[in-house]
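In: Fold the following for me, if possible:
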Amino acid sequence: MKTNVSSERNSKFFIILPILIVVLAAGVFAYTYLKPYYYVSLDVNPGITYEVNRYERILLVEAANEDAMSIVSRLDIKNLSIAEGIEQTVSVISEDGYFTDAAGSIYLATAGADNLKSSRLALALKSSLEQSNNENDIVAEVLAATVTLETVAEVKSLDITAGKYDLIKNQLKANVSDDTINASINDLVSQKSTDDVVDPSYVIQSVKAYMENDKDSFMEAISVLADALPGIEKLSYEDARTFYAYFIETHMNIDLSSLSEEDAVALVTDFMTTEQLAEAQQYKVDITGLSLLDAQLKIEAAKQELMREEATELKEKAAFYGIDITGLSKEEAWKLIKELQIQDESNGTAPDLTNPDELAAQAEKFGVDITGLSQEDAIALVKEAMNTKDAPTVGPASGTPGVESCKSYAEKIQYDLTGMSDEQIIATIEPIMRADNASYLGLDLSGMSEEEAWKVINEAQFNQLVTDLANYGVDTTGMSLEQMYTARREKQVEEEAAQAIQDKWDELRTRTITVEAELDFTGLSIEEAEALVVAAEDYYRIRKPLLEQAGQWGFDASNMTNEEVDAKIKELLQTPHDFPDEEESN
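Out: Alright, predicted model coming up:
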């Protein structure tokens, strides 16, 4: 009997044991899921902080300053991966006009108990956001760094993120004041000069030192390269080597472990040279025959000049609209100007071309000759000129431009004519018009009188029109001038439409999810292909992660909607548990 009782007890024990193990595992998982493991900050001018668990899922989102409050209020990113959450955040910031055609800046910073993991996360977030921005036409430079948990704690009572605080205090060596706290990241980063450009020889030194396991030389090199290697200065030598190899492999696609020192140096040098050539082309500088350092200095100087030009343009536009942008960040100033431009456009009234005087005024303003034309043909020609987007405004078909043409051109280039007489306007604007048109048409007007110059300009404009139509395969024999303008515009519209379709196909084919899901677009229309991509994105970015979470929580979600799965997980997250200490559980 005793044996049977013991056997029965053993049977019950072995039945209960797996249940206890599952319950304990679920408890440990829930505990680690709910516990912050990383702190991530994002700054443009809005500053946002995210609490993230060890599975890189978002637990909490907080606005660090007033600008960020409206952004955070429109985000529903809890339980999303931090990479997805940041992409959505930047999308909302972009919608609010913080990025213009000129490049802005986004500053990411991570913090965590494990500095190596924190550095890797910073680099991964930088890479994923750069790819997302490229896909969504968001023009912004992404910078990444890591900060300490002590810094995170220090800024809790301040209206600033830990990342921005560290940038101001430790990198720019500036005072953390109201001015620097309220400054945009772009304005802070722009304070760096070409004097801060790192000699590329340190990159070569770091590769050699890594391959030779030369600690002193390696640590010296990476301390100089810290801006490109977020948080590496906070790592031990072994962790720094690990992260360095990870950076080289992910950023340059070079596996150092499989190479000789000579090959490693050659490949890295080739990569750097290729990147410099691409940047040189982007900023229109010639680096032929220059060393890597001199090339980088020249490229950085071009970047600085572009920023100065943008600052000048910003001031001119502010003066044109009569607004004071003192104390505003660059993003705020551009946003205000853009609102005024939109307001101007919406308040504008179309001219009444049926009025002969207004028709004549608009004909002179847009540089077309309506002499001898019927009213109907004249209106068609003037409308075409008003809609033409492919050239600067030119003067009348013969002779120099009048005051109305000069006023129109001054408005186009946003030149302030306040207080000028008609004679002064013509004297000031006509040379600018003449030079701009000559530059656009590739003409040398040296030694010509005004009348001769405008005759050459208008002949070149007409020849350009004929050439464009010939390139489109249009026979201009017997066509009037207005018919030629109309034909060119129609062809341009067709070309733009075809290019838009091609751009859409290119965008669909290069979407990350398209590659991941191996989608086949054979025989599909653009609308069908786009629907297929959207469905794949829904599955891979939303449905699949939700199903994985459901599996971790131990329930079958195959027949549940995404909303039902999310609600179930939130319900489980809110269920109180007594969890053991994480370290003991591990």
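In: Mind telling me what element Met433 is part of?
Out: For Met433, the element it lies in under DSSP states H and E is helix 422-441.
In: Next, the angle helix 422-441 makes with the one helix or strand Ser408 maps to.
Out: Assigned by DSSP H and E, Ser408 belongs to helix 403-412. With axes from the mean of the first three to the mean of the last three C-alpha atoms, to 10 degrees applied, the angle from helix 403-412 to helix 422-441 works out at 60 degrees.
In: pLDDT of helix 403-412, averaged?
Out: If you average the pLDDT over helix 403-412, you get 83.
In: do the same with stretch 34-46
Out: On average, stretch 34-46 scores 91.
In: in that stretch, what counts as buried?
Out: Neighbour-count burial for stretch 34-46 flags Tyr37, Tyr38, Tyr39, Val40, Ser41, Leu42, Asp43, Val44, Asn45, Pro46 (criterion: 16 or more other C-beta atoms under 10 Å). Every C-beta, even on glycine, is put in place using the N, C-alpha and C of the backbone.
In: Could you identify the most distant pair in those residues?
Out: Tyr37 and Asn45 (27.9 Å; C-beta to C-beta).
In: Do you know the pLDDT at Asn387?
Out: 56.
In: right, and Leu267 touches Glu261 too?
Out: No - counting by C-beta atoms under 8 Å, Leu267 stays clear of Glu261, with 11.0 Å between them.
In: hmm, back to that, make TSV from the buried residues of stretch 34-46 and add secondary structure and distance to Gln296 to it.
Out: Output for those, formatted as TSV (DSSP: H, G, I helix; E, B strand; the rest coil; distance: C-beta to C-beta, whole Å):
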residue	secondary structure	distance to Gln296
Tyr37	coil	37
Tyr38	strand	33
Tyr39	strand	33
Val40	strand	30
Ser41	strand	29
Leu42	strand	28
Asp43	strand	26
Val44	coil	26
Asn45	coil	28
Pro46	coil	31
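In: From these, pick the one nearest Asp503.
Out: Val44 (26.8 Å).
In: out of Leu267 and Glu261, which sits in the busier spot?
Out: Leu267 (18 against 13; other C-beta atoms under 10 Å).
In: Would you confirm that the more buried one belongs to a helix?
Out: Yes - assessed by DSSP: H, G, I helix; E, B strand; the rest coil, Leu267 belongs to a helix.
In: so where does the nearest residue to it once chain neighbours are set aside fall, helix or strand?
Out: Nearest residue to Leu267, sequence neighbours excluded (C-beta to C-beta, 6 or more residues apart in numbering): Ile254, at 5.1 Å. For Ile254, there is no enclosing helix or strand under DSSP H and E.
In: So which helix or strand of this protein has the lowest pLDDT on average?
Out: helix 582-585 (a mean of 44; mean pLDDT, DSSP states H and E).
In: How is the chain divided into domains?
Out: Domain assignment for the chain by automatic domain parsing gives 35-192, 201-282, 308-346, 355-485, 513-583.
In: With distance to Gln499 as extra columns, can I get those domains in TSV?
Out: TSV is the format used below for those (distance: least, C-beta to C-beta, whole Å):
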stretch	distance to Gln499
domain 35-192	15
domain 201-282	21
domain 308-346	25
domain 355-485	14
domain 513-583	13
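In: Pick out the shakiest of the ones you listed, pLDDT-wise.
Out: Of all the domains of the chain, domain 308-346 has the smallest average pLDDT, which comes to a mean of 70.
In: of all the domains of the chain, which lies closest to Leu297?
Out: Taking C-beta to C-beta, domain 201-282 is the member of the domains of the chain nearest to Leu297, at 10.9 Å.
In: how distant is that closest one from the center of its chain?
Out: The chain centroid and the centroid of domain 201-282 are separated by 26 Å under C-alpha atoms, centre = their mean, to the nearest Å.
In: where does the residue nearest to Leu267 fall, phi/psi-wise?
Out: Dihedral pair for Ile254: phi -120, psi 120, per degrees, to the nearest 10.
In: got it, and Asp324?
Out: Here Asp324 shows phi and psi, under degrees, to the nearest 10, equal to phi -100, psi 120.
In: What's the local residue count around it?
Out: Asp324: 9 neighbours (other C-beta under 10 Å).
In: cool, Thr354 as well?
Out: Around Thr354 there are 9 residues (other C-beta under 10 Å).
In: swap in the one 3 residues further on?
Out: The number of residues packed near Asp357 is 8, by other C-beta under 10 Å.
In: OK, contacts around it?
Out: Contacts for Asp357 (C-beta atoms under 8 Å, 6 or more residues apart in numbering) come out as none.
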